[in-house]
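Student: I'll drop the sequence and a predicted model, then ask my questions.
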Amino acid sequence: MEPVISHIEITVRNLDKAAFFYDKFLPLLGFSLEHRYAAAIPAHDKHVISYEHPRLGIAITSPRSELAAEPVQRRRPGALHHLAFKVESRAEVDRLYQQLLEIGADVVMPPREFPEYTPPGYYALFLRDPDGIKYEIVTY
């Protein structure tokens, strides 16, 4: 078996604010807004916006009403620490860095080599969404 992730759903505090960011961020990674879908699921107290790509679906969802004011803490047990997208080359990491700056993304670490990470040649940048959810663009 080859492990393949079908989709991931990430809870955000403010769906409208998050969608404004993801509508700009995910197309840089090859997602088309033609495959963006929104739904309300009252039985689960949630709204969801999904971005579908042939290789991966990413959805953002509203929190339960009683949890909406809680801050995101990526070191909390059960939380998503960060999500990394692998690209083909350092040039692609650098290109995406420039595009992230153009869309006003919160880049917390510009591209550089991380010799403390494995494998050798680990070259990455890190950014955060409006809730502080951390993303990485990496090649090695």
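Tutor: Done, it's in.

Student: strands of this structure, start to end?
Tutor: All strands of the chain, identified by DSSP state E, fall at 7-11, 36-41, 46-52, 57-61, 82-86, 106-113, 123-128, 134-139.

Student: can you redo the ones you listed as CSV with mean neighbour count?
Tutor: In short, each C-beta sits where N, CA and C put it, glycine included. Below are the strands of the chain laid out as CSV (neighbours: other CB atoms under 10 Å):
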stretch, mean neighbour count
strand 7-11, 15
strand 36-41, 12
strand 46-52, 18
strand 57-61, 20
strand 82-86, 13
strand 106-113, 14
strand 123-128, 20
strand 134-139, 19
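
Student: for residue 30, which of the ones you listed is the nearest?
Tutor: strand 82-86 (9.4 Å; CB to CB).

Student: could you check the pLDDT of the residue nearest to residue 106 when sequence neighbours are not counted?
Tutor: Distances taken as CB to CB, 6 or more residues apart in numbering put residue 128 closest to residue 106, at 4.6 Å, once the chain neighbours are dropped. pLDDT recorded at residue 128 is 97.
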